[in-house]
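Enquirer: sequence first, then the predicted structure:
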Amino acid sequence: MPNESNSLDVLGIKPIADSVNTVTKGTVDGASAFLARICLPAAEEFGLLLKDHVSAWRANNAVKIATKAQALVEQQAVKVAIGAHPRMIYATIENGSWAEEDLMQNFWAGLLASSCTPNGKDESNLIFINMLSQLTSSQAKLIKYVCENVGIYKSIAGWIGADNLFMEADELIKITGIEDLHQLDRELDHLRALELIRGGFAPESTIADVTPHALCLQLYVRSQGYVGSPIDYFGDRVRSTYVEPASPIDGTESERA
């Protein structure tokens with residue numbers, strides 16, 4: 001008869017975690033049981049992945065992400081049967097297990113949680129998984145800041161949008177922790193290339209346009225573990241009128257319903 005504790009080890013991480021003092025047996029068991037509950041068909045694949053290819057360091061990160069995701073799911077889906085598509089779970093664990101910083105683990109945990117739906121067939125988070133896998137921790141810090149501080153509105157057609165947001169280089173340095181202006185410029189250029197923010201540094205200026213696109217707002221919402229409408233997530237922050245503040249670059253201002 002197989003050992004009862006091994007039957008819960010869907011990730012195959014117990015043998016690895018035994019050698020890592022930072023991972024407790026209870027935490028590993030909890031993460032394994034959670035992943036088995038939301039994605040049982042992929043359990044064997046995860047076991048092979050982590051036993052054969054993943055270091056104890058990555059296994060430790062994966063456990064933390066799964067544990068955080070479990071907490072998010074339990075907050076939002078009490079007594080509701082849920083599941084996640086195996087592709088979503090695999091992609092999240094495979095990419096997220098490289099993240100050691102707490103903020104990045106929180107983002108990955110949010111995507112894992114928001115991949116859980118009543119029918120377990122939703123693949124829409126694959127867009128955000130691919131995006132997050134391309135972001136640095138400094139970029140994630142900036143996304144978190146702008147999405148939590150920018151003005152948000154709902155258009156006449158019902159789409160979510162953000163007001164203009166301009167920031168000085170000194171502010172960006174404090175948020176991202178990047179002191180090299182050329183590196184900071186590259187980070188903003190990359191976010192713009194991913195269509196997450198509108199601009200970057202203006203020519204002949206140390207002022208950057210960090211206005212988030214709707215895609216950025218939706219990435220942030222899903223990374224918080226929320227599955228519903230981004231407009232519902234932001235709630236009272238959402239206005240029915242868009243107000244474009246005076247730009248520090250050209251001094252323009254406009255308003256539309």
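Expert: In hand now; what should we look at?

Enquirer: packing partners for the biggest helix by length in the chain?
Expert: Assignment by DSSP state H gives helix 56-76 as the longest helix of the chain. Judged by 3 or more CB pairs under 8 Å, 6 or more residues apart in numbering; DSSP states H and E, the packing partners of helix 56-76 are helix 14-17, helix 25-38, helix 43-52, helix 86-96, helix 102-114. Heads up, the C-betas are built off the backbone N, CA and C, glycines and all.

Enquirer: how far does the last one sit from the chain's center?
Expert: Here helix 102-114 shows a centroid-to-chain-centroid distance of 5 Å under the convention CA atoms, centre = their mean, to the nearest Å.

Enquirer: picking that back up, tell me the average confidence for the longest helix of the chain?
Expert: For helix 56-76, mean pLDDT is 88.

Enquirer: domains for this structure, by residue range?
Expert: 4-132, 137-256 (automatic domain parsing).

Enquirer: mind putting those domains in TSV, mean neighbour count included?
Expert: Formatted as TSV, the domains of the chain follow (neighbours: other CB atoms under 10 Å):
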stretch	mean neighbour count
domain 4-132	19
domain 137-256	16
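
Enquirer: looking at those domains, which has the lowest confidence?
Expert: domain 4-132 (a mean of 75).

Enquirer: correct me, but Ala140 touches Leu103?
Expert: Yes. Assessed by CB atoms under 8 Å, Ala140 is found in contact with Leu103 at 5.7 Å.

Enquirer: between those two, which contacts overlap?
Expert: Common contacts of Ala140 and Leu103 (CB atoms under 8 Å, 6 or more residues apart in numbering): none found.

Enquirer: and Val238, what does it touch?
Expert: Going by CB under 8 Å, 6+ apart, the list of residues near Val238 reads 152-154, 160, 231.

Enquirer: now it: how far from Asn164?
Expert: Per CB to CB, to the nearest Å, Val238 is found 16 Å from Asn164.

Enquirer: equivalent analysis for Ser97, please.
Expert: 37 Å.

Enquirer: same check, this time on Arg186
Expert: For Arg186, the distance to Asn164 - CB to CB - is 23 Å.

Enquirer: what's the answer for Gly235, then?
Expert: For Gly235 relative to Asn164 (CB to CB), the value is 22 Å.

Enquirer: quick one, phi/psi of Gly83?
Expert: For Gly83, the backbone dihedrals are phi -160, psi 170 (criterion: degrees, to the nearest 10).

Enquirer: doesn't Cys116 make contact with it?
Expert: Yes. Counting by CB under 8 Å, Gly83 does reach Cys116; the two are 6.7 Å apart.

Enquirer: what touches both of the two?
Expert: Ile38.

Enquirer: so Asn125 sits against Ala113, correct?
Expert: No. Asn125 lies out of contact with Ala113 (CB under 8 Å); the separation is 9.8 Å.

Enquirer: excluding chain neighbours, what is closest to Asn125?
Expert: Spatially, and ignoring its direct neighbours in sequence, Asn125 is nearest to Ser115 (4.6 Å; CB to CB, 6 or more residues apart in numbering).

Enquirer: enumerate every residue touching the one you found.
Expert: Ser115 neighbours (CB under 8 Å, 6+ apart): 84-85, 88-89, 92, 122, 125.

Enquirer: out of the residues you listed, which two sit at the greatest distance?
Expert: Thr92 and Asp122 (13.0 Å; CB to CB).

Enquirer: check which helix or strand covers the closest residue to Tyr226 other than its chain neighbours.
Expert: Nearest residue to Tyr226 in three dimensions, chain neighbours excluded: Tyr233, at 4.8 Å (CB to CB, 6+ apart). Using DSSP states H and E, Tyr233 sits within helix 230-234.
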